[in-house]
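Enquirer: can't give you the sequence, but here's the structure:
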Ligand code: PMP
């Protein structure tokens, strides 16, 4: 039986212990209602206040201008793969999609049902390592309704740090695995969306941040629950929202604020990632296949000398209370997801284990 584990899961992922403790304290009697937050009507004044507070805190943390709406959806980031084209294609028939890895490809596959997708692969090899072409080399089409990309490819461990700057182009970004990890300039995006289960809260809720002028052009066939206009007009309560996930996400926003906001998160995250990459680089046992400029600070992928040792690593790591470290089945190897809630102590613990494993198996 494990009493404490070091959780490197890609998602659902580790949540801040302080937040979970608060949830535990107030689980049976929330705000003196005598009931659990998950037992209360989403239309009651207590939950309503909690929902608004979460939105205000998120707006503050991400510095979201007033002409952007914050919507809460269900169906995960994958629902947004369909919701985006169906909400904002308008009378256009095509959209540009940047392919930088697995999740970009999933978005392309889904969008292809609803529009003509101009797919552009931006992944290249540099000295055998994976790299992403700079944005200045991305070719965008004038008649495309928008350009979609994924700044952090969770499975590949590939991140694009440049922020978009394409004149007058509507940029849509899937921030599922990097939202709230560092400050971003919201004005550069038309739509940002992210499933909650990495840096926000538990699974079941998806945050969509949309520039107002993009709302109101939905295709008739779009299911109402995914229609940004309907969500906006109903304060994201057209259907019953995942209230518990919303409440808990709000506690995570407060936790981020208490630590100093996104600048502080960025410093923490960069420091953690650097520790891990530096260790991998100085070792001749482990390796990472991504160029320094595109190494994810959220999902650190690495390999041991062979598949058998990868397996052994994962199994012995589990015995050492390290969980969620196995790479995605399509990528193999290992992946340490080090989202906001993972602290430096956890990363040091992992590095100590990696060191021991290397000595014993070199
Ligand atoms: N996009 C990215 C970048 C992801 O990491 C994930 C989930 N790992 C998804 C989309 C899919 O998210 P969901 O399961 O919430 O639909």
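Expert: Cool, the structure landed. What you see is a predicted model; the values in this text were computed from it and never measured. Residues are numbered from 1 along each chain as shown.
Enquirer: get me the contact residues on the chain for the ligand.
Expert: Contact residues (CB under 6 Å from any ligand atom) of the chain with the ligand: 11, 76, 77, 78, 103, 150, 154, 174, 176, 177, 195. In this view, the C-beta of every residue, glycine as well, is placed from N, C-alpha and C.
Enquirer: among those residues, which one sits closest to residue 120?
Expert: Closest approach between the residues of the chain next to the ligand and residue 120, by CB to CB: residue 150, at 12.8 Å.
Enquirer: may I see the residues of the chain next to the ligand arranged in TSV, with secondary structure as well?
Expert: As requested, the residues of the chain next to the ligand are exported to TSV (DSSP: H, G, I helix; E, B strand; the rest coil):
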residue	secondary structure
11	coil
76	helix
77	helix
78	helix
103	helix
150	coil
154	coil
174	strand
176	coil
177	coil
195	strand
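Enquirer: so where is the stretch 1-150 of the chain shaky, pLDDT-wise?
Expert: Across the stretch 1-150 of the chain, the ranges flagged by pLDDT under 70 are 1-2.
Enquirer: do you know how far residue 355 is from residue 174?
Expert: In this view, residue 355 and residue 174 are 35 Å apart by CB to CB, to the nearest Å.
Enquirer: likewise residue 282?
Expert: In terms of CB to CB, residue 282 sits 33 Å off from residue 174.
Enquirer: residue 17 too?
Expert: According to CB to CB, residue 17 stands 28 Å off from residue 174.
Enquirer: the two: who's more crowded?
Expert: residue 174 (28 against 12; other CB atoms under 10 Å).
Enquirer: quickly list what the more buried one is bridged to.
Expert: residue 193 (DSSP bridges).
Enquirer: same thing with residue 7?
Expert: Going by DSSP bridges, residue 7 forms beta bridges with residue 323.
Enquirer: for it, what are its contacts?
Expert: Each residue near residue 7 by CB atoms under 8 Å, 6 or more residues apart in numbering is listed here: 13, 14, 323, 324, 342, 346.
Enquirer: which one of the residues you listed is nearest the ligand?
Expert: residue 13 (9.6 Å; CB to the nearest ligand atom).
Enquirer: for the ligand, give me its nearest residue in the protein.
Expert: residue 76 (2.6 Å).
Enquirer: show me where the stretch 251-362 of the chain has helices.
Expert: For the stretch 251-362 of the chain, the helices defined by DSSP state H, counting those that start in this stretch cover 261-282, 307-319, 344-361.
Enquirer: could you dump these into CSV and include mean neighbour count?
Expert: Compiled in CSV, the helices of the stretch 251-362 of the chain are given as follows (neighbours: other CB atoms under 10 Å):
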stretch, mean neighbour count
helix 261-282, 16
helix 307-319, 15
helix 344-361, 16
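Enquirer: any chance of JSON lines for those, columns mean pLDDT?
Expert: Shown next, in JSON lines, are the helices of the stretch 251-362 of the chain (pLDDT from 0 to 100):
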{"stretch": "helix 261-282", "mean pLDDT": "98"}
{"stretch": "helix 307-319", "mean pLDDT": "98"}
{"stretch": "helix 344-361", "mean pLDDT": "98"}
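Enquirer: with respect to residue 333, which of the ones you listed lies nearest?
Expert: helix 307-319 (5.4 Å).
Enquirer: and the angle from the closest one to helix 344-361?
Expert: With axes from the mean of the first three to the mean of the last three CA atoms, to 10 degrees defining the directions, helix 307-319 sits at 130 degrees from helix 344-361.
Enquirer: got a list of contacts for helix 307-319?
Expert: Under CB under 8 Å, 6+ apart, the answer for helix 307-319 is 303, 304, 323, 325, 326, 327, 332, 333, 334, 353, 357, 361.
Enquirer: drop anything exposed from those residues.
Expert: Among the contacts of helix 307-319, those scoring as buried are 303, 304, 323, 325, 326, 327, 333, 334, 353, 357 (criterion: 16 or more other CB atoms under 10 Å).
Enquirer: next up, the contacts around the third one.
Expert: So the one you mean is residue 323. Neighbour list for residue 323: 5, 6, 7, 8, 9, 317 [criterion: CB under 8 Å, 6+ apart].
Enquirer: farthest pair in the residues you listed?
Expert: Across the contacts of residue 323, no pair lies farther apart than 9 and 317, at 12.4 Å, counting by CB to CB.
Enquirer: OK, contacts around residue 279?
Expert: 286, 351, 354, 355.
Enquirer: let's see that with 7 Å instead.
Expert: Counting by CB atoms under 7 Å, 6 or more residues apart in numbering, residue 279 makes contact with 351, 354.
Enquirer: please tell me how far it sits from residue 347.
Expert: Look at residue 279 and residue 347: by CB to CB, they are 9 Å apart.
Enquirer: residue 207: which element?
Expert: Residue 207 is part of strand 206-211 when elements are defined by DSSP states H and E.
Enquirer: partner strands of that strand and their direction?
Expert: Next to strand 206-211 in the sheet, as set by DSSP bridges, lie strand 68-73 (antiparallel), strand 191-195 (antiparallel).
Enquirer: pull out the buried residues from the first one.
Expert: Same thing as strand 68-73. Buried-residue list, strand 68-73, by 16+ other CB under 10 Å: 68, 69, 70, 71, 72, 73.
Enquirer: same thing with stretch 134-154?
Expert: Neighbour-count burial for stretch 134-154 [16+ other CB under 10 Å]: 135, 138, 140, 144-154.
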